[in-house]
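Undergrad: sequence and predicted structure are below.
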Amino acid sequence: MTLAILLLIALALIFDFLNGFHDSANSIATIVSTRVLSPRRAVVWAAFFNFLAFFFFGLHVADTIGKGIIDIHIIDKQIIFGTLFGACGWNIITWYFGLPTSSSHALIGGMIGAALVKTGPQALIWQGIAKTVAFIFISPIVGLILGSLFGVIVYWLFRNSLPFKVDHLFRKGQLVSAALYSMGHGSNDAQKTMGIIASLLFSAGLLGGKYHIPGWVVIACYGAISFGTMFGGWRIVKTMGQKISKLKPIDGFCAESGAALTLFFSSAMGIPVSTTHTITGAIMGVGSIKRFSAVKWDMAGKIVWAWIITIPAAAAISAVAYFLVKFF
């Protein structure tokens, strides 16, 4: 294994760390904003269940990223560098502005940008890209529907209960829902970096001629995303936890439960969805059942625009990075 390969693997794990850092808001925003856990305890809780996903889920999402977005036979060190540089760059930009965008789509945009510069549109696997782009819209809608559904059912079941008893119960319930959501986050997002590293190893002839995900790659990626989650992205926590809709423990429980179900399904189907989009949709759904104005739709609109431009923006950064490293 050459020094260049080792450095690219290190860069991939840095992206995975940034993914956990950037997307920790998804796992802990509701449980922090409802004051069920302190920020420090919340990130440790989320990180633990991020890693626990390793024992429960297959590697379907990793396979989609590794060989379902661009032609695996055109992948080389420059493609991987451009991909990771574009994804990391966009993550840092959106973290700075407190926008909960998708690390997943930043990674996919990075792959597309570098592949277009190297080979052109024929390098793209349109079926995999179309499925991913479709779920930019499907995952938040499903999250919204499930979050709303959980909210309606739970509010109806506890309609005659005393508010302080409901609050006490769902403070404990949020520990469970946040744990489930963190497992869903780990099951989907950690696998995307696995796919990148495995495609790099395959292109370098280090997988024995057959594409697969080595065990050490799986453990390293789950470890990196969990470590990143422990550091937390507090700018985005504030956006997710309070700027979309004010949340109570019962609301956080419903939002996290709806989002977790969406992520479990998508991971089982091998679909690289955005955990950010999913939990945002679920929070909107729970907020809207109380009253339509409970959701701050102007902030929601800014977030949606950030979602839409993530793939092209990351692709543009990646394309420039690939061009510079290839030709200079």
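TA: Okay, I see it. Keep in mind that what you see is a predicted model, and the values were worked out from it rather than measured.
Undergrad: show me where this protein dips below the pLDDT cut-off.
TA: 22-30, 33, 100, 232-246, 291-300, 302-303, 328 (pLDDT under 70).
Undergrad: how near is the residue nearest the centre of it to residue 123?
TA: The residue lying closest to the centre of the chain (CA atoms, centre = their mean) is residue 275, at 4.0 Å. Using CB to CB, to the nearest Å, residue 275 is found at 27 Å from residue 123. For glycine as for every other residue, the C-beta is placed from the backbone atoms N, C-alpha and C.
Undergrad: cool, residue 15 as well?
TA: For residue 15 relative to residue 123 (CB to CB), the value is 21 Å.
Undergrad: so for those two, which sits in the more crowded spot?
TA: With neighbours defined as other CB atoms under 10 Å, residue 15 and residue 123 compare such that residue 15 has more, 29 against 20.
Undergrad: the more buried one: which element?
TA: Using DSSP states H and E, residue 15 sits within helix 3-33.
Undergrad: from the chain's centre, how far out does the very next helix or strand once past that helix sit?
TA: Downstream of helix 3-33, the first helix or strand assigned by DSSP H and E is helix 39-52. How far helix 39-52 lies from its chain's middle: 15 Å, per CA atoms, centre = their mean, to the nearest Å.
Undergrad: tell me what helix 39-52 is packed against?
TA: helix 3-33, helix 163-203, helix 215-231 (3 or more CB pairs under 8 Å, 6 or more residues apart in numbering; DSSP states H and E).
Undergrad: and the last one, what's buried?
TA: Yep, that's helix 215-231 we're talking about. 217-218, 220-230 (16 or more other CB atoms under 10 Å).
Undergrad: if we take the residues you listed, which one ends up nearest to residue 253?
TA: residue 229 (20.1 Å; CB to CB).
Undergrad: ok so, going back, wouldn't the residue nearest to the centre of the chain be in contact with residue 189 here?
TA: Yes: counting by CB atoms under 8 Å, residue 275 touches residue 189, with 5.8 Å between them.
Undergrad: and for the closest residue to residue 67 other than its chain neighbours, the neighbour number?
TA: Residue nearest to residue 67 in three dimensions, not counting chain neighbours: residue 211, with 6.0 Å by CB to CB, 6 or more residues apart in numbering. Counted with other CB under 10 Å, residues neighbouring residue 211 total 16.
Undergrad: in three-state terms, label residue 211 for me.
TA: Following DSSP: H, G, I helix; E, B strand; the rest coil, the label given to residue 211 is coil.
Undergrad: which strand or helix spans residue 91?
TA: helix 77-96.
Undergrad: what are the buried residues along that helix?
TA: Applying 16+ other CB under 10 Å to helix 77-96 flags 77-91, 93-95 as buried.
Undergrad: residue 283 versus the residue lying closest to residue 149 once chain neighbours are set aside, what's the distance?
TA: Distances taken as CB to CB, 6+ apart place residue 258 nearest to residue 149, at 7.0 Å, with adjacent residues excluded. Counting by CB to CB, the gap from residue 258 to residue 283 is 9 Å.
Undergrad: tell me which of those two has more neighbours.
TA: Neighbour count, other CB under 10 Å: between residue 258 and residue 283, residue 283 has more, with 31 against 28.
Undergrad: measure that one to residue 251 for me?
TA: 8 Å.
Undergrad: what's the answer for residue 175, then?
TA: With CB to CB as the criterion, residue 175 and residue 251 are 15 Å apart.
Undergrad: okay, these two: which has more neighbours?
TA: residue 251 (29 against 17).
Undergrad: re the thing from before, now the helix holding residue 91 and helix 163-203, what's the angle there?
TA: 160 degrees (axes from the mean of the first three to the mean of the last three CA atoms, to 10 degrees).
Undergrad: would you confirm that the residue nearest to residue 149 contacts residue 284?
TA: No: using CB under 8 Å, residue 258 makes no contact with residue 284, being 10.7 Å away.
Undergrad: who touches both of those two?
TA: Contact criterion CB atoms under 8 Å, 6 or more residues apart in numbering; residues shared by residue 258 and residue 284: residue 147.
Undergrad: OK, contacts around the residue lying closest to residue 131 once chain neighbours are set aside?
TA: Counting by CB to CB, 6+ apart, residue 131 lies nearest to residue 271, which is 6.3 Å off, once chain neighbours are set aside. By CB under 8 Å, 6+ apart, the contact set of residue 271 is 61, 64, 131-132, 135.
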